[in-house]
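[1] below is the sequence, then the predicted model.
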Amino acid sequence: MNVYLVKHHSLVNAIRFVFDVLWGVPSIVYGAFGFILMVFLGVRASLLAGIITVSLFIVPIMVRAIDESLKSVPRGLLESALSLGSTRSEISYRIFSREAFQGIITAILLSFGRAIGDAASVLFTTGYTDRIPTSLMEPSATLPLSIFFQLSSPIEAVQDRAYASATVLISMVLVISLLSRFIGNRRN
Amino acid sequence: MNNKISIHNLCLSIDRQPILKNVSLNIPTNKITVILGPSGCGKTTLLKSLNRLTDLIPGVQQSGEILLDGVNILNGNQDLVDIRQKMGLLAQRPYPLPMNIYKNITYGLRISGRRNRQFLDKRVEHYLKMVNLWDEVKDRLKDPASALSIGQQQRLCLARGLAVDPEIILADEPTSSLDPISSKLIEEKFLELKSQYTIVLVTHILRQARRMADYVVFMYLGEVIEQGTPDELFNNPQHPVTKSYLSGQFY
């Protein structure tokens, strides 16, 4: 978008606005939307439905965050690269992606972090189970949901499992952010 | 005089604001043409319309003709990549590509499909020597280009532009962000290069224009006020606006 549509300012702004609105929609609304879609298609709560809903939910976040980092690439670089006779796709893949590499990685990890920790969007769509799913069509447990359901159980052993889930979740988020820093530092 | 580029009645407006008004001028082959004028007079826009970077501006409207070797490049069905490869651009500030020094020079060659290692090595050495950068960077060709100083980066950008074998060099105030020594190096390079390339230099530095020009175009508020040889324009300006500019009454 930042390479191809530089000329169409109002179109770009409109697209940005749409994604900003989508970013602002609470994840429970995505969950409800996914649920309606499932009812419409006659699919039961399943891993697949959860995957689709979460994807819908993080796409605007990822797109806008990547867009922000691409926006910071100076205009002169685009002009210089065009003057060397490169086509727009070459500029996108070889120059903009490198120049904004760190921002793109951060954006992907940011949206990944949102996806992994989100409970509301998967509440209706993925369902909850104690078993490991064996196919895409079976319900499965996400980490936040297992914390939610296991913590509300009266049995103490199950509550302990909720704390274990929380630990796993936190360490995953930690590893992701450390990883993103590591990648960012190495590029510099 | 042989003209590389001739512009006829070029008008350009952005969101209906006229930027260039009826510009007509000729740019002679293998000479340095200096476009002179106060800031905001449309010099840079004129330069960018030559390799159609003006296409990127939102709300832009252009009319008139720009003939490059007799072919109108404002005509819609032109191959832009081809046009742009014929013109190397040197911007106000250097914009090194986000890769190492070696790849910066070879980028233009690699995208046009020339990947022979020995050929590229030779080209890199040749063009870096041409801009007096070889001795400074020959041991660190694999370092990122952003590690160089601004003056070195600008010379790298010149070498990068020359490596794709352009016929024309478009320079937009190429020395404005450089120290005096780097500026002098760039100016000397231009004087050497003019035997092989047609150079269009945009500047608002009067003394630089005097040092470099073979042909001068004076612009003011989007119009070409006067054009001619440096002798005609500097020593015997016809138009009152040119006179007052040359005598330093406004910048």
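    That came through, no problem. Predicted model, so just to flag it, every value in this text is computed and none were measured.

[2] surely A:Ser111 forms part of a helix?
    Yes: A:Ser111: assigned to a helix according to DSSP: H, G, I helix; E, B strand; the rest coil.

[3] in this structure it contacts A:Ala65, no?
    Yes: at 6.8 Å, A:Ser111 counts as touching A:Ala65 under the criterion of CB atoms under 8 Å. C-beta coordinates here come from the backbone N, C-alpha and C atoms, glycine included.

[4] in three-state terms, label the residue in the stretch 101-250 of chain B that chain A sits nearest to for me.
    Nearest to chain A in the stretch 101-250 of chain B, going by CB to the nearest CB, is B:Gly108, at a distance of 4.2 Å. Following three-state DSSP, the label given to B:Gly108 is helix.

[5] wouldn't it be in contact with B:Cys157 here?
    No: using CB under 8 Å, B:Gly108 is not in contact with B:Cys157; the gap is 11.4 Å.

[6] what parts of chain B come near chain A?
    B:48, B:51, B:53, B:55-60, B:81-82, B:84-85, B:87-89, B:91-93, B:95, B:97-99, B:107-108, B:111-112, B:157, B:160-161, B:164, B:170 (CB under 8 Å from any CB of the partner chain).

[7] pLDDT weak spots in chain B?
    B:1, B:76, B:250-251 (pLDDT under 70).

[8] all strands of it, in order?
    B:3-14, B:17-28, B:32-36, B:60-68, B:71-72, B:87-90, B:168-172, B:198-203, B:215-220, B:223-228 (DSSP state E).

[9] what lies in contact with the fourth one?
    The set of residues that contact strand B:60-68 without belonging to it, under CB atoms under 8 Å, 6 or more residues apart in numbering or on different chains, is A:7, B:4-14, B:16, B:22-23, B:49-50, B:54, B:72-74, B:83, B:86.

[10] could you give the angle of that strand to strand B:17-28?
    10 degrees (axes from the mean of the first three to the mean of the last three CA atoms, to 10 degrees).

[11] buried ones in stretch A:155-169?
    The neighbour-count check on stretch A:155-169 (16 or more other CB atoms under 10 Å in any protein chain shown) flags A:161-162, A:165-166, A:169 as buried.

[12] er, stretch A:63-71 I mean
    Neighbour counts over stretch A:63-71 (16+ other CB under 10 Å) mark A:63-67, A:69-70 as buried.

[13] mean confidence score for it?
    Regarding stretch A:63-71, the rounded mean pLDDT is 84.

[14] show me the contacts for B:Ile3.
    Actually, residue B:3 is Asn rather than Ile. Counted by CB under 8 Å, 6+ apart, B:Asn3 has contacts B:26-29.

[15] tell me what it is bridged to.
    On the basis of DSSP bridges, B:Asn3 is bridged to B:Pro28.

[16] off-centre distance for stretch B:59-74?
    A distance of 17 Å separates the centroid of the chain from that of stretch B:59-74, by CA atoms, centre = their mean, to the nearest Å.

[17] make JSON lines from the strands of chain B and add distance to A:Arg98 to it.
    Converted to JSON lines, the strands of chain B look like this (distance: least, CB to CB, whole Å):
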{"stretch": "strand B:3-14", "distance to A:Arg98": "31"}
{"stretch": "strand B:17-28", "distance to A:Arg98": "33"}
{"stretch": "strand B:32-36", "distance to A:Arg98": "33"}
{"stretch": "strand B:60-68", "distance to A:Arg98": "29"}
{"stretch": "strand B:71-72", "distance to A:Arg98": "35"}
{"stretch": "strand B:87-90", "distance to A:Arg98": "20"}
{"stretch": "strand B:168-172", "distance to A:Arg98": "24"}
{"stretch": "strand B:198-203", "distance to A:Arg98": "29"}
{"stretch": "strand B:215-220", "distance to A:Arg98": "37"}
{"stretch": "strand B:223-228", "distance to A:Arg98": "40"}
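
[18] got the residue ranges for the helices in the stretch 101-250 of chain B?
    B:101-111, B:117-130, B:134-137, B:150-163, B:180-193, B:206-212, B:230-235, B:240-246 (DSSP state H, counting those that start in this stretch).

[19] let me know which of these is tucked in deepest.
    Most buried of these by mean neighbour count (mean count of other CB atoms under 10 Å in any protein chain shown) is helix B:150-163; its value is a mean of 24.

[20] please pick the buried ones from the contacts of B:Asn3.
    B:26-28.

[21] bridging residues for the residue nearest in space to the middle of chain B?
    Nearest residue to the geometric centre of chain B (CA atoms, centre = their mean): B:Leu170, 1.6 Å. Bridge pairing for B:Leu170 (DSSP bridges) gives the partners B:Leu89, B:Val200.

[22] give the full set of residues in contact with it.
    A:83, B:47, B:50-51, B:87-90, B:200.

[23] cool, B:Glu167 as well?
    B:4, B:86-87, B:197-198.

[24] of these, just the buried ones, PyMOL syntax please.
    A single PyMOL command is used to select the members of those judged buried by 16+ other CB under 10 Å:
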select buried, chain B and resi 4+86+87+197+198
